[in-house]
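Enquirer: just the structure for this:
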Amino acid sequence: MMGFERRLRDKYQRAVVLSEREALTDPETEPYRSKYSARELLQEIKQELRQREGEEAPSTEQDDQQQGEGEAAAWGGDPPEDLLKLAVIEYQLGLNHAETEELAAGEEHLVNCLRMLKPYRLSPNSVLVVLDAQNQLGILWAGRDEIDTAQTYLEDAEALYNEYMKKVGNAPLHPHEHFMPQDESLTDQDRSKRFEKAYTHTLYYLAQVYKNQEMNEKAARYCHTTLQRQLEFNDYVPIEWAINAATLSQYYITKQCYMEARHCLAAANIILTHAGEIPSKAAAEENEVEREKREKLCQRKAEIARCWIKYCINLLQDARNLLEDNIGQLDVDRQEELKAKRKKEEEENEKGRKNVVLFGSSDTCDSILTVESKVGCYYPLDFSEAREIFLVGQNYVQEAKEYFQMDGHVTDHIEILQDHSALFKALAFFEEDYERCCKMHKRRIDMLEPVCKELNEQYYLLICRQLQFEIADTFYEMMDLKVAIASTQTEEMNAHIIKKINLLAQSAITYYERFLNTLRSPDKKFPETLTEDVLRPAIVAKFHIARLYGKLIVADGRKQLENMQESLDNYKFVVDYCENHPEAVKAVETELELSNEMVQLLPTKMERMRGKLLA
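Expert: Numbering: from 1, shown residues only. As a prediction, the model looks like this:
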């Protein structure tokens, strides 16, 4: 008997080594060589166990009888040793087939494992085998895009863990222990750690499933809990953990949960350092391993920096949405009201912070809190507060650009420039000095215009459209600011101011028209029907062009009349398009209302102008 048990142990342990270690170095021409060798050993063990029992694997009818007897026990009873070993082998065979992309066979073995252990699922001897099998079936069905079935298996695994911890709670045996000598058994601490690791995997897979099912709030909650448990049990890869935390922050941003988003990003910064220092350029040039490590760490650091940029942009933009009046200006009364309320809310929110799942041990938490202290998570209510957020975002822009350079990362580099521009735009809202506002918008032009001129529209059409429209909008905003500045001055506009306003207006028109020209067909015809993605931008561009021609300041009456005709033509385009495409009205209600008014008013104004010219 002892020789029999030793033989089984040796075969099992050899199969584990083949599957978990030697398979990692299999040649590309035989990627599953070690897996197949392990499978042969597992099948031999299964056959020997069956022969010892003198029967085939337990039938469904036998299982049903065992279930009726077993569930009367406190935890469903302990399974017979050979039955348990057979179930472990079925699990290993299921895992083996799944890993070699033989999903149908893998499913069969895993289901057999669950069926055999169903009466004993709460036994400390078998609960981890059942949990692992349910996890693997969840992964298998998710791989088939059968997400509902995957969700069922994984939720069963979650329920099993919770029921076991409530009713039993002992550290369960690991599947490998059933093929180990008694004196090599794991400690309770190791057993508990492995059980918790398996449950953490359950939560991780559930987070993916819920995300796929568009149950975003639940997915975020499970992801957060997974990250917290990985740190708690010291079971994580620092780079992967940091990226997952940074990604989670973006969900919290969409829900305006900036305290949680900041915590995720600060934790990402700290945990990324656990991956080690970034190798120097010199070391990377001399050593391939160091080169790959430098590349990976630099990339991930830049990706986390980009998540911080989005945090700062959205915090500023959401603050603007709270503070602006119906014409987009700062509502001073609302500003004072929010300042008065905020102190009390801050105190209450800090007290509620303990309800947030915090990351890490006390030491890690202290490091995370240090990072958090450098950036606020409450809406900035004036320029000084907004500037602090802006500067943090701008620092991360520089950090992200160090990796995502124009040479080799064109799209990413331009997106970072666009984010930098968005930071300036958001900050400008809080600036009460119009001249300083103009300078901020000029910075946006200076960073976007050279890139826009350099890009080839044929290869980067979408990016070119985005840049052209944003540059046009920025010139448009600067023109409005210059007009507003001029209107506050007592003396009449001098030639320099007029020239500046006209130059800004003409620049805006030029870029709006460049944007609209990208919509034309190869034979230069403008589309009769605009696609949904360009509908609003195109109509807004036409509306703004109409308004800009009305803002041009000219002394020549005939030129003024020409500009008025240009305005009328563009206003008419907006009106006519919406008449012919009623579905477009909802997207441009404000622009359409004003265009209708101008289409009525401008002809009369033009007639008066013609009369003056003929007089």
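Enquirer: pull out the buried residues from stretch 10-20.
Expert: Of all the residues in stretch 10-20, those buried under the rule 16 or more other C-beta atoms under 10 Å are 11-12, 15-16, 18-19. Just so you know, the C-beta spots here come from the backbone N, C-alpha and C atoms, and that holds for glycine as well.
Enquirer: okay if I get the residues you listed as a markdown table plus secondary structure, distance to Ile368 and pLDDT?
Expert: A markdown table is the format used below for those (DSSP: H, G, I helix; E, B strand; the rest coil; distance: C-beta to C-beta, whole Å; pLDDT from 0 to 100):
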| residue | secondary structure | distance to Ile368 | pLDDT |
| --- | --- | --- | --- |
| Lys11 | helix | 47 | 94 |
| Tyr12 | helix | 43 | 95 |
| Ala15 | helix | 42 | 95 |
| Val16 | helix | 38 | 95 |
| Leu18 | helix | 41 | 95 |
| Ser19 | helix | 38 | 94 |
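Enquirer: residues near Ile553, how many?
Expert: Residues contacting Ile553 under the criterion other C-beta atoms under 10 Å number 15.
Enquirer: can you tell me the SS state at it?
Expert: On the three-state scheme (DSSP: H, G, I helix; E, B strand; the rest coil), Ile553 is labelled coil.
Enquirer: I figured it hits Asn494, correct?
Expert: No: using C-beta atoms under 8 Å, Ile553 is not in contact with Asn494, being 11.4 Å away.
Enquirer: I'd like the buried residues of stretch 10-20 as JSON lines, with distance to Gln560 appended.
Expert: Shown next, in JSON lines, are those (distance: C-beta to C-beta, whole Å):
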{"residue": "Lys11", "distance to Gln560": "95"}
{"residue": "Tyr12", "distance to Gln560": "92"}
{"residue": "Ala15", "distance to Gln560": "89"}
{"residue": "Val16", "distance to Gln560": "87"}
{"residue": "Leu18", "distance to Gln560": "86"}
{"residue": "Ser19", "distance to Gln560": "83"}
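Enquirer: now, the most widely separated pair of the residues you listed?
Expert: Lys11 and Ser19 (12.5 Å; C-beta to C-beta).
Enquirer: by mean pLDDT, which helix or strand of the protein comes out lowest?
Expert: One helix or strand of the chain scores below all others by mean pLDDT, DSSP states H and E: helix 60-70, with a mean of 43.
Enquirer: ok, then the element right after it?
Expert: helix 81-99 (DSSP states H and E).
Enquirer: what is that following helix packed up against?
Expert: Helix 81-99 sits against helix 2-20, helix 33-53, helix 103-117, helix 127-143, with contacts defined as 3 or more C-beta pairs under 8 Å, 6 or more residues apart in numbering; DSSP states H and E.
Enquirer: which element is Pro172 on?
Expert: Applying DSSP H and E, one finds Pro172 in no helix or strand.
Enquirer: that one: neighbour count?
Expert: Other residues near Pro172 number 25, with proximity taken as other C-beta under 10 Å.
Enquirer: my guess is it contacts Arg191, does it?
Expert: Yes: the pair Pro172 / Arg191 is scored as a contact, 6.2 Å apart, by C-beta under 8 Å.
Enquirer: please report how far the most centrally placed residue in the chain lies from Lys211.
Expert: Compute the mean C-alpha point of the chain, and by C-alpha atoms, centre = their mean the closest residue is Thr247, 4.3 Å away. Using C-beta to C-beta, to the nearest Å, Thr247 is found at 10 Å from Lys211.
Enquirer: same check, this time on Ala302
Expert: For Ala302 relative to Lys211 (C-beta to C-beta), the value is 24 Å.
Enquirer: more neighbours: those two, which one.
Expert: The neighbour comparison of Ala302 against Lys211 (other C-beta under 10 Å) goes to Ala302, with 20 against 16.
Enquirer: distance of that one relative to Arg115?
Expert: Going from Ala302 to Arg115 by C-beta to C-beta gives 49 Å.
Enquirer: which regions of the stretch 1-150 of the chain lie under the pLDDT threshold?
Expert: The model of the stretch 1-150 of the chain has pLDDT under 70 over residues 1-2, 54-76.
Enquirer: run the last query once more with 50
Expert: Counting by pLDDT under 50, the low-confidence segments of the stretch 1-150 of the chain come to 55-74.
Enquirer: centre of the chain versus the longest helix along the chain, how much separation?
Expert: Ranked by residue count and defined by DSSP state H, the top helix of the chain is helix 288-323. Counting by C-alpha atoms, centre = their mean, to the nearest Å, helix 288-323 is centred 11 Å from the centre of its parent chain.
Enquirer: list the buried ones in it?
Expert: For helix 288-323, using 16+ other C-beta under 10 Å, the buried residues are 290, 293-294, 297-298, 300-316, 318-320, 323.
Enquirer: cool, stretch 260-273 as well?
Expert: So stretch 260-273, judged by 16+ other C-beta under 10 Å, has buried residues 260-272.
Enquirer: check which residues of the helix or strand encompassing Lys572 are buried.
Expert: Using DSSP H and E, the element containing Lys572 is helix 557-580. Burial within helix 557-580, assessed by neighbour count using 16+ other C-beta under 10 Å, is assigned to 560-561, 563-564, 566-568, 570-575, 577-578.
Enquirer: okay, that helix in CSV with CA atoms only?
Expert: Extracted as CSV, the C-alpha positions of helix 557-580 are listed here (Å, rounded to 0.1, in the frame of the first residue of the first chain):
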residue,chain,number,x,y,z
GLY,A,557,-19.3,99.5,-47.0
ARG,A,558,-19.1,97.1,-50.0
LYS,A,559,-16.7,94.7,-48.0
GLN,A,560,-19.1,94.9,-45.1
LEU,A,561,-22.0,93.9,-47.3
GLU,A,562,-20.0,91.0,-48.6
ASN,A,563,-19.3,89.8,-45.1
MET,A,564,-23.0,90.1,-44.2
GLN,A,565,-23.8,87.9,-47.2
GLU,A,566,-21.3,85.3,-46.0
SER,A,567,-22.9,85.4,-42.6
LEU,A,568,-26.4,85.0,-44.1
ASP,A,569,-25.2,82.1,-46.3
ASN,A,570,-23.8,80.2,-43.4
TYR,A,571,-26.8,80.9,-41.2
LYS,A,572,-29.1,79.7,-44.0
PHE,A,573,-27.1,76.5,-44.2
VAL,A,574,-27.9,75.7,-40.6
VAL,A,575,-31.6,76.4,-41.1
ASP,A,576,-31.9,74.6,-44.4
TYR,A,577,-30.0,71.5,-43.2
CYS,A,578,-32.2,71.2,-40.1
GLU,A,579,-35.4,71.6,-42.3
ASN,A,580,-34.2,68.8,-44.6
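Enquirer: and the average pLDDT for it is what?
Expert: For helix 557-580, mean pLDDT is 96.
Enquirer: good, wrapping up.
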